[in-house]
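Asks: Following is a predicted model, sequence given first.
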Protein chains: 2
Amino acid sequence: MLYEINEKALKLESEGKKIIRLNLGDPDMATPPEIVEAAYASMKAGKTKYASSYGETRLRQKLAEAHGVKVENVVITPGSKWGIFATMFLMMKGGGNVIIPTPYWTAYDLTAKAIGAKTKLLRTELENDWKVDLEALESMIDKDTRMIILNNPNNPTSKVIDPETLDGIVEIANKKGITILSDEVYGTIAFTKTKSILEYDGACRHILSNGFSKTFTMTGWRIGYIIANKMLVDNITKLNQITINNVPVFIQDAALKGLELHREIASKIKEKYRHRADLATTKLAAAGFKFSKPDAPFYVFPKLDGLDSEKFTLNLLDKGVAVAPGTAFGDYREHFRISLTAPDEEIEVALDKICEAAQ
Amino acid sequence: MLYEINEKALKLESEGKKIIRLNLGDPDMATPPEIVEAAYASMKAGKTKYASSYGETRLRQKLAEAHGVKVENVVITPGSKWGIFATMFLMMKGGGNVIIPTPYWTAYDLTAKAIGAKTKLLRTELENDWKVDLEALESMIDKDTRMIILNNPNNPTSKVIDPETLDGIVEIANKKGITILSDEVYGTIAFTKTKSILEYDGACRHILSNGFSKTFTMTGWRIGYIIANKMLVDNITKLNQITINNVPVFIQDAALKGLELHREIASKIKEKYRHRADLATTKLAAAGFKFSKPDAPFYVFPKLDGLDSEKFTLNLLDKGVAVAPGTAFGDYREHFRISLTAPDEEIEVALDKICEAAQ
């Protein structure tokens, strides 16, 4: 339903209708010009050839330093999605199941299905502050369970997993010999401190997936990375060799520039989104929506008792506002997701329409 | 062995040794500056957002026109390798076998193995001018055969499949209900006319894989495309949605610029490679190597009776020349592949060393 809504929004726009697009996590801001210039300089310098399927050493080095791991633990991917697909493809081939707390990002489930793995969904609830129930998690693990996917901070709830719960999840995973794939693509720009999966594990027993899209407003550039044990990094590289080959070097150079300007860029982005999140939560609360306060930029996942989110979403689209129905993230019919990724004034108009439509 | 030689060549270079790199099909020339400028203009215009997993309509339209198909038959991929992987992943999931004439490009076989499909190798020989034996092909097809992969012109032989043989292959495939995946990445810049798989089939019964790497000296940009029936195009797009998402729009705009300048760029490239091929074949013939005259740029695949190509290749690497052993393309121990992708004067030096080493 996530992609269908997007296609419908694109169609309405192509027919000349004005749609405020709050349905995708694609920031309205432009990629910082320093990053664009770095890409151009790299292209002009001839960095347009085949390159290593591991990624460029200087970028891997910089990431290894930032995360406190070795270069051999880092592989560059064309977007974090590819890293997640490659990891699941390599680890779940031939079956098995993966445990995914819900609400979840659609791609996890679709990827599992595409490679023939089963998913076991572990429900979390707004009413319980989206906490993972550790007992439920442990009892869900069976002999075919190979992986737990965490999205921390979470899309669509923008909730950070509290350290105690994360400790508990890691403890269970370690006890049972299950690998955690931790997607922390919203981590660097979270409003509250997020504990990374790497903090548990210098030897990279678990796996970190991350990307440049959200932190550096580089969604369409397609660059991310996986941090994992050397064997998995080598295997992802082998898969890269027969699929994507390499991320264009000029894009890797652009990402490197992003890392150099990290502090400056990330704090600007955080500030902007915090303002938007404040705006949204104030209006939504006044209109009677229930939600958890976002710990991270981009998303709010409000609930309205009795809501049919697919009807609500389609109805709202006709009024010129695209959001994503809760059902796109699991069995969350009374929820919908708002992406705060449009200019402030558009978000304000859209929020008014959302609140109006909910009456 | 192809990737190992490359890693070893890179290592020697990093130790300060001068290596003439004739082991990969990565042109020495730079991407034409008009293409670089088009990418930069597109980036600056903000084409840095998430985009359609089908590819940009204007690029698909241009390709559809060029190939005489509909827009719905075209999907843009990050390199032709990804298109081939995606096609095989979708069509061979759950088993079956694929017939691949040898010598072949390594990635076909590695991809089949990675997705759990079996390969049936159909040997062709220099002595028979690399012709596919139609009877042998037909008898090789069994109830589990799902696909035949053709590489036309071929890597490593640079041989174009003659029209009669291609007619015969298509006839057999149609009779048996087998899909042909035709990788024609060297087609546009072939020295002799190549018949495309699309000439058989307005409705896209078979599949064309193509890319911009070779025609436009854009290897490191990672952009290619698949032309196929609408259902497969839709399914590749769905796979794109959960993996690579989209090829960066600024890269698609760069490729579009390439297509606009097609005639000019392709004829320059062809001329350059024709000169190199003449140089190579003259020297190799004088030194007693046997080979077929290249129908296409990039590769020569000479044979020397009694040669142990892996030893020969490693020995040559120590002398500062990297080529690829015949065994990287199937059971071709007496062959090796030369890529004519270095400056003319380097190729000349390398050819002299090759001829010397063979004495």
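Replies: Arrived safely.
Asks: Share the number of residues neighbouring the closest residue to chain B within the stretch 251-359 of chain A, please.
Replies: Nearest residue of the stretch 251-359 of chain A to chain B: residue A:251, at 7.2 Å (CB to the nearest CB). Every residue, glycine included, has its C-beta placed from N, CA and C. The number of residues packed near residue A:251 is 31, by other CB atoms under 10 Å in any protein chain shown.
Asks: Next: residue A:283.
Replies: Residue A:283 has 17 neighbours, counted by other CB under 10 Å.
Asks: Counting by contacts, list what the helix or strand hosting the residue of the stretch 251-359 of chain A closest to chain B packs against.
Replies: Element membership for residue A:251 (DSSP states H and E) is helix A:249-260. Under the contact definition 3 or more CB pairs under 8 Å, 6 or more residues apart in numbering or on different chains; DSSP states H and E, helix A:249-260 sits against helix A:33-44, helix A:57-67.
Asks: from those helices, which stretch is densest packed?
Replies: Highest mean neighbour count among those (mean count of other CB atoms under 10 Å in any protein chain shown): helix A:33-44, with a mean of 20.
Asks: what's the spacing between residue A:337 and residue A:2?
Replies: Taking CB to CB, to the nearest Å as the measure, residue A:337 falls 9 Å from residue A:2.
Asks: about what we covered before: run through who's touching the helix holding residue A:251.
Replies: Contacts with helix A:249-260, where a contact means CB atoms under 8 Å, 6 or more residues apart in numbering or on different chains, come from A:32, A:34-43, A:47-49, A:51, A:55-56, A:58-59, A:62-63, A:66, A:76, A:212, A:215-216, A:218, A:221-223, A:265, B:220, B:248.
Asks: Same question for stretch A:134-142.
Replies: Contacts for stretch A:134-142 (CB under 8 Å, 6+ apart): A:97, A:99, A:120, A:122, A:148, A:165, A:168-169, A:172, A:176, A:178.
Asks: Show me which of the residues you listed is closest to residue B:70.
Replies: residue A:97 (40.4 Å; CB to CB).
Asks: picking that back up, anything in contact with each of residue A:337 and residue A:2?
Replies: A:23, A:324, A:328.
Asks: Out of the residues you listed, flag the one nearest to residue A:318.
Replies: Distances from residue A:318 to those, taken as CB to CB, are shortest for residue A:23 (13.9 Å).
Asks: And stretch A:315-328, what's buried?
Replies: Residues of stretch A:315-328 classed as buried under the neighbour-count rule (16 or more other CB atoms under 10 Å in any protein chain shown) are A:316-317, A:321-328.
Asks: again, but for stretch A:193-209
Replies: Of the residues in stretch A:193-209, A:194-198, A:200-201, A:204-209 count as buried by neighbour count, 16+ other CB under 10 Å.
Asks: So which of those reach chain B?
Replies: Applying CB under 8 Å from any CB of the partner chain to those, one finds that nothing falls near chain B.
Asks: Pick out whichever of these sits closest to chain B.
Replies: Looking across the buried residues of stretch A:193-209 and measuring by CB to the nearest CB, the closest to chain B is residue A:209, at 13.2 Å.
Asks: Report the beta-bridge partners for the closest residue to that closest one other than its chain neighbours.
Replies: Residue nearest to residue A:209 in three dimensions, not counting chain neighbours: residue A:183, with 4.5 Å by CB to CB, 6 or more residues apart in numbering or on different chains. Residues in a beta bridge with residue A:183, per DSSP bridges, are residue A:151, residue A:209.
Asks: Might one say that residue A:183 is in contact with residue A:153?
Replies: No - Residue A:183 lies out of contact with residue A:153 (CB atoms under 8 Å); the separation is 9.6 Å.
Asks: Have a look at the two and say which one is more surrounded.
Replies: More neighbours surround residue A:183 than the other of residue A:183 and residue A:153, with 28 against 25 (other CB under 10 Å).
Asks: Next, count neighbours for the closest residue to residue A:275 other than its chain neighbours.
Replies: Closest residue to residue A:275 apart from its sequence neighbours, by CB to CB, 6+ apart: residue A:344 at 7.3 Å. Look at residue A:344: counted by other CB under 10 Å, it has 13 neighbours.
Asks: Tabulate the buried residues of stretch A:193-209 in JSON lines, adding columns for distance to residue A:259 and secondary structure.
Replies: Shown next, in JSON lines, are the buried residues of stretch A:193-209 (distance: CB to CB, whole Å; DSSP: H, G, I helix; E, B strand; the rest coil):
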{"residue": "A:194", "distance to residue A:259": "18", "secondary structure": "coil"}
{"residue": "A:195", "distance to residue A:259": "21", "secondary structure": "coil"}
{"residue": "A:196", "distance to residue A:259": "16", "secondary structure": "coil"}
{"residue": "A:197", "distance to residue A:259": "20", "secondary structure": "helix"}
{"residue": "A:198", "distance to residue A:259": "17", "secondary structure": "helix"}
{"residue": "A:200", "distance to residue A:259": "24", "secondary structure": "helix"}
{"residue": "A:201", "distance to residue A:259": "23", "secondary structure": "coil"}
{"residue": "A:204", "distance to residue A:259": "20", "secondary structure": "coil"}
{"residue": "A:205", "distance to residue A:259": "25", "secondary structure": "coil"}
{"residue": "A:206", "distance to residue A:259": "23", "secondary structure": "coil"}
{"residue": "A:207", "distance to residue A:259": "20", "secondary structure": "strand"}
{"residue": "A:208", "distance to residue A:259": "16", "secondary structure": "strand"}
{"residue": "A:209", "distance to residue A:259": "17", "secondary structure": "strand"}
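Asks: Where does confidence bottom out across these?
Replies: Within the buried residues of stretch A:193-209, residue A:201 has the lowest pLDDT, namely 72.
Asks: How much space separates the residue sitting nearest the centre point of chain A from chain B?
Replies: With distances taken as CA atoms, centre = their mean, residue A:185 lies nearest the centre of chain A, 4.9 Å away. As judged by CB to the nearest CB, to the nearest Å, residue A:185 and chain B stand 13 Å apart.
Asks: Need the three-state assignment for that residue.
Replies: Under DSSP: H, G, I helix; E, B strand; the rest coil, residue A:185 falls in the coil class.
Asks: wait, what's in contact with it?
Replies: A:80, A:209-211, A:213-214, A:224.
Asks: Narrow those residues to those in strands?
Replies: Assigned to strands by DSSP state E, the following of the contacts of residue A:185 qualify: A:209-211, A:224.
Asks: Residue A:311 - how many residues pack around it?
Replies: Under the criterion other CB under 10 Å, the count of neighbours that residue A:311 has is 11.
Asks: any idea which helix or strand comes after the host helix or strand of residue A:88?
Replies: If you go by DSSP H and E, residue A:88 is part of helix A:80-92. Downstream of helix A:80-92, the next assigned helix or strand under DSSP H and E is strand A:97-102.
Asks: In contact with the closest residue to residue A:349 other than its chain neighbours, which residues?
Replies: In this structure, residue A:349 finds its nearest non-sequential neighbour in residue A:20, 6.5 Å apart by CB to CB, 6+ apart. Applying CB under 8 Å, 6+ apart, we find residue A:20 in contact with A:320-322, A:342, A:346-347, A:349-350.
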